[in-house]
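[1] okay, predicted coordinates and the sequence, questions at the end:
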Amino acid sequence: MHKLAVAFAASGLLALGTPASSELLISDSFESGNLSTTSAIGFRWSDTKTTSVVTADTQVFVTSPVNLPAPETSQWEAKTGDHAMMLRYRAGKSWTEQKFHFDEPQPEIWMSFWLRVPTNYAHPKVKGASDNQKLFRLWMDGYGQKGDGTTLGMSFRGDGRGGSYFFAKIAGSGDKGKVPFITIPRDRGRWMHLVVHVDSESAPGASDGLMEVWRKWEGDTDYTKTHDFKNQPIKLSSTKKGFASGYLMGWANAVYPVDTEFLIDDFELSTSPLFSN
């Protein structure tokens with residue numbers, strides 16, 4: 001289980017490669033101009049009014065085609081091609097997310113996407129309250145405590161200087177790992193590529209699951225391994241033998257005081273490593 005990934009990750013610094021097409025489950029750079037895509041595993045994006053597909057000048061899709069000019073302050077762009085997914089946290093509001101589902105559960109899966117830091121990013125300061133924001137989640141038969149399979153993901157908190165650090169959440173655990181995520185003002189408007197590898201237990205109670213995360217910034221040659229958690233209780237569901245659902249971004253416990261827009265591009269799921277050495 002996951003021996004190939006461990007070998008690739010030995011140095012902690014990895015160069016981007018090209019995945020084998022036979023192992024790639026879904027690849028979407030949103031060039032369709034909407035949230036439609038096809039795959040052998042029955043992948044689908046859920047409709048939501050809080051996300052949309054945009055170009056540099058136009059919002060082209062929400063839950064149906066639209067043709068709305070970009071706000072003067074938007075500074076939208078795509079990482080690849082002309083289109084990207086935009087997730088906007090409206091001022092004072094806590095929620096935006098993009099759910100996805102697929103019909104063939106995967107006990108081991110790789111996920112990657114490009115994420116652009118908002119051009120006006122600042123982690124909100126909240127007195128006497130939690131400031132953790134969701135980054136992504138993956139689950140099997142039910143989210144959180146609603147199923148017997150494990151839910152896991154990542155979130156981020158304020159670093160006290162306007163930026164953020166990020167950490168893993170596995171099966172309802174506490175914050176696992178505290179790694180710098182966004183530094184301001186340096187990282188405003190920058191694209192980062194995140195690669196996630198998760199593998200469930202080999203047998204009930206074995207507690208030999210893993211979660212690994214790598215990140216590189218646009219312009220960098222190498223990835224840095226930010227999180228490496230082995231021997232984890234990542235339990236398979238009794239009804240769905242693997243991960244079958246997820247979402248990007250999600251609930252913000254600390255609301256942003258101004259409209260804050262994240263961009264996502266080149267979303268991929270695979271059963272094999274999404275880079276090579």
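    Now that the structure is in, tell me what you want to look at. Quantities reported herein were computed from a predicted structural model and do not represent experimental measurements.

[2] in the stretch 101-250 of the chain, mark out all the strands, start to finish.
    108-116, 133-139, 152-158, 164-170, 176-182, 191-199, 209-217, 222-232, 243-251 (DSSP state E, counting those that start in this stretch).

[3] so for Thr38, which of these sits nearest?
    Nearest to Thr38, of all those, is strand 243-251, at 17.2 Å by Cβ to Cβ. C-betas here are computed from N, CA, C, even on glycine.

[4] what lines up beside the next helix or strand after that closest one in the sheet?
    Per DSSP states H and E, strand 243-251 leads on to strand 260-270 as the next helix or strand towards the C-terminus. Strand pairing for strand 260-270, using DSSP bridges, gives strand 24-28 (antiparallel), strand 84-89 (antiparallel), strand 108-116 (antiparallel).

[5] which residues sit against the longest one?
    Pointing back at strand 108-116 there. With contact meaning Cβ atoms under 8 Å, 6 or more residues apart in numbering, strand 108-116 is reached by 1-2, 25, 77, 79-80, 84, 136, 138, 189-200, 218, 242-243, 246, 248, 262-274.

[6] likewise the second one?
    Judged by Cβ under 8 Å, 6+ apart, the contacts made with strand 84-89 from elsewhere in the structure are 30, 35, 50-55, 59, 76-78, 95-98, 116, 248-249, 252, 255-256, 259-265, 267.

[7] check the first one too.
    With Cβ under 8 Å, 6+ apart as the contact definition, strand 24-28 has outside contacts at 37, 39-41, 43, 102, 106, 109, 266-271.

[8] just the buried members of the contacts of strand 84-89?
    Burial by neighbour count, judged by 16 or more other Cβ atoms under 10 Å, picks out 30, 35, 50-55, 59, 76-78, 96-98, 116, 248-249, 252, 255-256, 259-265, 267 from the contacts of strand 84-89.

[9] measure Ser46 to Lys230 for me?
    32 Å (Cβ to Cβ, to the nearest Å).

[10] and the contacts of strand 108-116, which are buried?
    Counted by 16+ other Cβ under 10 Å, the contacts of strand 108-116 give 2, 25, 77, 79, 84, 136, 138, 190-200, 242-243, 246, 248, 262-274 as buried.

[11] tell me who's in contact with Asn34.
    Val53, Val60, Phe61, Pro65.

[12] quick check, Val198 in contact with Met211.
    Yes: shown here, Val198 and Met211 form a contact pair, counting by Cβ atoms under 8 Å, at 5.0 Å.
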